[in-house]
Structure formats: C-alpha cells, structure tokens
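>>> Show me how the following folds:
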Amino acid sequence: MLSRRTLIYAGLAAAGVAGMAGLAEIAERQLALGPTDAAGWQPMAWPFPRDAWPAGRAWHRAGTEVYVRVKPGFCGNCDAGVATDAELDRVIDIELLDERFKAAQAGSRIRITDLFGRARLYRRKTWYGAERFAEGIAVCHKCDLVAAIVAGDVTDEQTRKAAHRFIESNTVQVWVNKQFAGR
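Predicted coordinates:
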C-alpha cells in the first residue's frame, strides 16, 4: 500500500505531465500557423466555415483582425478589376462577419502593392448586437481576386493604415504569392 504522500506526489506529477502535453499541443498549433511578424501581427486559425473558395489566412493585433483569401478566376473584369462598389459588395466576404452588413460610406480606389481595386467601410453587428465597422478590400491580379477584411476600429485612420501596411507586408504577400503559384 502506497503512502498518502506518495499518492499526492504521483498526482502532482501526472498533473504536470498533462499540463506540459497541453502546452505542447498549443505550441504545435501555433508553429503550424507561423510566427508573429515584427509589427506584432499574430496568425490565427481561419475562423470561417468552408465554402466554394480555399480557406484564407487570418491575423490579429491589438483588437484588429485581418482576413485574407485568394479567389482564383473570380475577378469579373480582368482588365479593370474591381471598379465599382456594387462589384466590391458582390466579391467581398463581409457577410462572413455579419449577413446583414450595410455599407457605411462610398468605396474608394485602393492600391495594395502593385494591385489596384476598391475598399469600402461596412457597418456590421457582432453576435451580441454591438455595432462595429469592417473594411472590405478587393484587388485583382490578372483574373484572380485577393479579398481582405479588416475588422476592428477601422474608423481610426492609424488603425486602417497599420492594417493596410500589414496586408502589403512580406508576411501576407508571400502567402498570397504561394496561393497563386500553387495553381
């Protein structure tokens, strides 16, 4: 028969091993997502359900989330790209955040690296009813679409600029280019 002290030590050791196994699992998942970039953008799992398009990539930093995905062959006008707000509303995935989204203002032309398209601010509601904003961005590369959503305090110009710089960063652009190369 084991002493009470031995049973307590064995229980503590088992709890320690289980805790280390849990931390190892979390670390393995984080390594699979990739490293945090120099500006502090941390990768996270794609939170949206599967649909007709390949899953994208998602990152977050200080209350701002960026979701990017590539839609091969989806750009309706290969020459002009995404040129109107109606076309942007059709191609952007803002409905993944809220199916009842509404445009908060007219869109504007945007340039992400050497790609041109449109960006527009949308009003949406969170699952608990609070009103939030998100920016939808769509640019074309030949006949392929790159769609991005920036969710967070996008009414703040500094936050939007930081998100745009991140979308233009090597972290995102290397991933986008791999998606194009993989076809």
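>>> Show me where this structure has its strands.
42-44, 57-61, 64-71, 102-103, 108-112, 115-125, 131-141, 144-152 (DSSP state E).
>>> Could you give the average pLDDT over the fourth one?
Put plainly, it is strand 102-103. Across strand 102-103, pLDDT averages out at 86.
>>> how about low-confidence regions in the protein?
21-38, 75-76, 79, 182-183 (pLDDT under 70).
>>> for it, what spans make up the helices?
In the chain, the segments counted as helices under DSSP state H are 4-33, 85-91, 157-167, 170-181.
>>> Among those, which comes closest to Lys142?
Relative to Lys142, the nearest member of the helices of the chain by C-beta to C-beta is helix 170-181, separated by 8.7 Å. Where C-beta positions appear, they are placed from N, C-alpha and C, glycine not excepted.
>>> Give me the angle between that closest one and strand 57-61.
Helix 170-181 runs at 170 degrees relative to strand 57-61, counting by axes from the mean of the first three to the mean of the last three C-alpha atoms, to 10 degrees.
>>> Return the list of helices and strands in contact with helix 170-181.
Counting contacts by 3 or more C-beta pairs under 8 Å, 6 or more residues apart in numbering; DSSP states H and E, helix 170-181 packs against strand 57-61, strand 64-71.
>>> Go ahead and name everything in contact with the longest one.
It stands for strand 64-71. Residues outside strand 64-71 that contact it (C-beta atoms under 8 Å, 6 or more residues apart in numbering): 41, 44, 46-48, 53-60, 91, 93, 96, 144-154, 159, 162-163, 166-167, 172, 175-176, 179-180.
>>> Over to the shortest one?
Contact partners of strand 57-61, identified using C-beta under 8 Å, 6+ apart, comprise 37, 39-47, 65-69, 162, 166, 171-172, 175.
>>> give me that answer again for 6 Å
The contact list for strand 57-61 (C-beta atoms under 6 Å, 6 or more residues apart in numbering) reads 40-44, 46, 66-68, 175.
>>> Repeat that for stretch 157-172.
Stretch 157-172 has contacts (C-beta under 6 Å, 6+ apart) with 37, 41, 64, 66, 68, 112-113, 148, 150, 153-154.
>>> Tell me which two in those residues are the farthest apart.
Distance extremes for the contacts of stretch 157-172: the farthest pair is Thr113 and Asp153 at 24.2 Å, using C-beta to C-beta.
>>> Appreciated, that's everything.
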